[in-house]
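Novice: Predicted model and sequence below, questions to follow.
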Amino acid sequence: MPLYIGVMSGTSLDGLDVALIEQEARTRLLASHYTPMPAELRQVLLALCSPGFDEVARAAIAEQRWVELAAEAIEVLLRQAGKSASDIRAIGSHGQTIRHEPWRGFTLQIGNPALLAELTGITVVGDFRRRDVAAGGQGAPLVPAFHEALLGKRDKACAVLNIGGFANLSLIACERDTGGFDTGPGNVLMDAWIRHSRQLDYDADGRWAASGVVNGALLEALLEDPFFATRGPKSTGRETFNLQWLLAHLGRYPALPAQDVQATLLELTARSISIALQRSQPDTEQLWVCGGGAHNGRLMQRLQALLPGCRVESTQAIGISPDWIEAMAFAWLAHCCLEGIPANRAAVTGARGPRILGAIYPA
């Protein structure tokens with residue numbers, strides 16, 4: 001039974017998720033491990049998301065440290081699972097996105113798969129997004145195909161919502177092509193604001209947001225960003241939504257209490273998701289949520305309130321931990337690459353057609 005490891009490091013920059021799967025007709029999670037991102041490395045990676053001095057060298061050095069961290073996490077995972085490198089067919093490594101600008105024809109994830117293969121002694125499949133971009137696509141989101149494989153087609157329309165730094169939807173219904181797109185900010189603005197205001201990494205369970213009051217004028221101003229008006233295929237990142245973008249809007253509201261800003265940012269995430277889902281698949285009866293946002297109780301409450309005709313639940317309700325689905329997805333993408341299976345969905349990314357994703361770095 002083929003075993004694969006998936007390594008995912010998302011836009012939240014909080015750490016690396018590593019998942020071990022068994023891949024046959026179905027995907028089964030065997031083990032998982034989380035490694036926090038060292039604060040210094042996080043700051044370097046965050047700075048690389050914007051133009052800066054000597055950024056090529058800084059990116060190359062940060063990439064080496066990221067790979068070392070990934071190799072250490074994989075070693076821990078293998079030890080905990082009682083497996084050796086020889087038991088693993090391949091690692092699917094997402095790498096760390098530092099720029100995502102498909103409208104300019106590129107997306108860039110650092111992660112040096114060659115070095116990861118050297119350090120682990122395992123074949124690595126990486127660079128998943130650029131082939132889709134080369135074919136005219138957004139290169140994101142890539143997880144809808146995995147969500148389709150994981151859940152199968154359903155008689156009733158359902159959706160999977162991943163809320164990491166940014167949020168994306170996978171739309172799954174019988175007799176329809178699987179759809180999906182990025183909806184906009186997930187946790188990225190909430191995390192940035194609480195770090196800016198209170199020097200905390202995140203708003204646990206949305207409690208700080210719950211202590212504030214949504215400012216309707218600010219919310220409407222934020223929702224006027226052109227991204228929200230466009231339909232998929234579409235994707236986004238820190239190039240569009242970041243602390244500077246938020247601060248520019250807040251210049252019109254200098255006396256707004258910080259907790260009210262947080263409440264408004266949570267509402268922005270919930271509202272942009274609900275509007276996108278109702279517009280793209282109005283008959284959705286079930287929404288399963290994964291990613292870090294699934295643990296934000298206040299956010300989950302707002303999603304349910306805004307989607308009264310749809311049941312909103314964590315993927316834990318169907319026996320799949322919300323924390324490991326993206327890492328599992330990149331393990332699955334490695335499997336698809338080695339088996340010659342196209343793994344993008346043209347309806348999702350806008351590519352000219354199905355493509356085999358990833359580049360192979362043999363052990």
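Specialist: Yep, that arrived.
Novice: C-alpha only now, for contacts and for neighbours.
Specialist: Fine.
Novice: so residue 80 sits in a helix?
Specialist: Yes: assignment of residue 80 by DSSP: H, G, I helix; E, B strand; the rest coil places it within a helix.
Novice: Tell me the spacing between it and residue 1.
Specialist: Residue 80 is 19 Å from residue 1, where distance means Cα to Cα, to the nearest Å.
Novice: Who has more neighbours out of those two?
Specialist: Between residue 80 and residue 1, residue 80 has the larger neighbour count (other Cα atoms under 10 Å), namely 12 against 9.
Novice: Identify the bridge partners of the nearest residue to the more buried one once chain neighbours are set aside.
Specialist: Excluding its sequence neighbours, the residue lying closest to residue 80 (Cα to Cα, 6 or more residues apart in numbering) is residue 31, at 7.9 Å. Beta-bridge partners recorded for residue 31 (DSSP bridges): residue 20.
Novice: Report whether the expected contact of residue 31 with residue 79 is present.
Specialist: No: counting by Cα atoms under 8 Å, residue 31 stays clear of residue 79, with 10.4 Å between them.
Novice: Between the two, tell me which one has more neighbours.
Specialist: Neighbours per residue (other Cα under 10 Å) separate residue 31 from residue 79, with residue 31 holding more: 17 against 12.
Novice: can you pull the contacts of that one?
Specialist: Taking Cα atoms under 8 Å, 6 or more residues apart in numbering, we find residue 31 in contact with 19-21, 77, 80-81.
Novice: Can you give me the domain boundaries for the protein?
Specialist: 3-139+324-361, 143-318 (the TED database).
Novice: Need those domains in CSV (columns: mean pLDDT).
Specialist: Formatted as CSV, the domains of the chain follow (pLDDT from 0 to 100):
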stretch, mean pLDDT
domain 3-139+324-361, 96
domain 143-318, 96
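Novice: Show me what the lengthiest strand in the chain pairs with in its sheet, parallel or antiparallel.
Specialist: As assigned by DSSP state E, the longest strand anywhere in the chain is strand 90-101. Sheet pairing of strand 90-101 (DSSP bridges) gives strand 3-9 (parallel), strand 106-110 (antiparallel), strand 124-126 (parallel).
Novice: residue ranges for the helices of the stretch 1-150 of the chain, please.
Specialist: Using DSSP state H, counting those that start in this stretch, the helices assigned to the stretch 1-150 of the chain run over residues 39-47, 55-81, 113-120, 130-134, 143-151.
Novice: gap between residue 21 and residue 279?
Specialist: Taking Cα to Cα, one finds residue 21 at 35 Å from residue 279.
Novice: who has more neighbours, those two?
Specialist: residue 21 (23 against 11).
Novice: any idea where the strands of this structure begin and end?
Specialist: Using DSSP E, strands in the chain cover 3-9, 15-23, 27-36, 90-101, 106-110, 124-126, 158-163, 166-172, 179-185, 286-290, 311-314, 359-361.
Novice: Could you export those as TSV, including distance to residue 198?
Specialist: Output for the strands of the chain, formatted as TSV (distance: least, Cα to Cα, whole Å):
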stretch	distance to residue 198
strand 3-9	24
strand 15-23	20
strand 27-36	20
strand 90-101	25
strand 106-110	30
strand 124-126	37
strand 158-163	22
strand 166-172	21
strand 179-185	20
strand 286-290	26
strand 311-314	28
strand 359-361	42
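Novice: Quick check: which of the ones you listed is nearest to residue 59?
Specialist: strand 106-110 (7.6 Å; Cα to Cα).
Novice: before we move on, back to that, which two in the contacts of residue 31 are spaced the farthest apart?
Specialist: By the measure Cα to Cα, the contacts of residue 31 have their two most distant members at 21 and 80, which lie 13.8 Å apart.
Novice: Mind checking the strands paired with strand 90-101 for the one nearest to residue 201?
Specialist: strand 3-9 (16.1 Å).
Novice: For that closest one, list the C-alpha coordinates in PDB.
Specialist: The C-alpha coordinates for strand 3-9 follow below in PDB (Å, rounded to 0.1, in the frame of the first residue of the first chain):
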ATOM      1  CA  LEU A   3       2.500   5.700   1.600                       C
ATOM      2  CA  TYR A   4       3.000   9.400   1.000                       C
ATOM      3  CA  ILE A   5       3.900  12.400   3.100                       C
ATOM      4  CA  GLY A   6       2.400  15.900   2.500                       C
ATOM      5  CA  VAL A   7       4.000  19.100   3.800                       C
ATOM      6  CA  MET A   8       1.900  22.200   3.900                       C
ATOM      7  CA  SER A   9       3.000  25.700   5.100                       C
END
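Novice: Distance from the chain centre to that strand, please.
Specialist: Strand 3-9 has its C-alpha centroid displaced from the chain centroid by 14 Å (Cα atoms, centre = their mean, to the nearest Å).
Novice: Run through who's touching that strand.
Specialist: 15-23, 70, 87-96, 326-332, 334-335.
Novice: Weed out the non-buried ones from those.
Specialist: Buried by 16 or more other Cα atoms under 10 Å: 15-23, 70, 88-96, 326-332, 334-335, out of these.
Novice: what's around the nearest residue to residue 153 once chain neighbours are set aside, how many residues?
Specialist: Of all residues not flanking residue 153 in the chain, residue 174 sits nearest, at 5.4 Å (Cα to Cα, 6+ apart). The number of residues packed near residue 174 is 13, by other Cα under 10 Å.
Novice: In contact with residue 174, which residues?
Specialist: Counted by Cα under 8 Å, 6+ apart, residue 174 has contacts 153-157.
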